[in-house]
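Asker: What follows is a protein structure lacking sequence information:
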């Protein structure tokens, strides 16, 4: 992660109305990455999942679908401890059958998921959704990684259990 990206993300969050919260950080992330919505899911005690925040109803429905089915980019990013992306969810049925059906219903076409970590502690994952197919640019991926670290800290602050 580039220190400049991390500092830029903090500045953006700090300048938002409403103070430094998970919600303001999520809104700033969506704006900076030119995304349409996102969801943050936490994993408690290694298995219990908690929906920490979504930026809108579409993201909420997709996060709920992942929580119910146990499949999707959130799970893959958390378990694999790595960025997971799908450029065109219309082509990912074999990978995530239930999730892709839910995504189609929300008119969301691409996703980038990152694990939320602080140090060696994994706390969950963030899913960044777009209505257009395609991958994030390398610049946006670097910024997304910076936001993921910040979201992890803010999520722990707001959901300490």
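Answerer: Alright, I've got the coordinates. Note that the structure is predicted; figures quoted are calculated from it, not measured. Residues are numbered from 1 along each chain as shown.

Asker: hmm, who's touching stretch 80-88?
Answerer: Stretch 80-88 is contacted by residues 73, 76-77, 92, 95, 109-115, 117, 122, 133-136, 141, 144-145 when judged by CB atoms under 8 Å, 6 or more residues apart in numbering. From N, CA and C alone the C-beta is placed, and that goes for glycine too.

Asker: residues in contact with residue 72?
Answerer: Applying CB under 8 Å, 6+ apart, the residues contacting residue 72 are 62, 65, 66, 96, 98, 99, 113, 127.

Asker: Surely the last one forms part of a strand?
Answerer: Yes: with the criterion set as DSSP: H, G, I helix; E, B strand; the rest coil, the secondary structure at residue 127 is a strand.

Asker: Report how many residues lie close to it.
Answerer: Residues lying near residue 127 (other CB atoms under 10 Å) number 26.

Asker: What of the fourth one?
Answerer: The number of residues packed around residue 96, counting by other CB under 10 Å, is 22.

Asker: was I right about it contacting residue 71?
Answerer: Yes: counting by CB atoms under 8 Å, residue 96 sits close enough to residue 71 to count as a contact (5.0 Å).

Asker: what's across from residue 50 in the sheet?
Answerer: For residue 50, the beta-bridge partners are residue 42 (DSSP bridges).

Asker: Correct me if wrong: it contacts residue 40.
Answerer: No: assessed by CB under 8 Å, residue 50 is found out of contact with residue 40, at 9.4 Å.

Asker: These two - which one has more neighbours?
Answerer: residue 40 (31 against 15).

Asker: my read is that one is in a strand, agree?
Answerer: Yes: counting by three-state DSSP, residue 40 is located in a strand.
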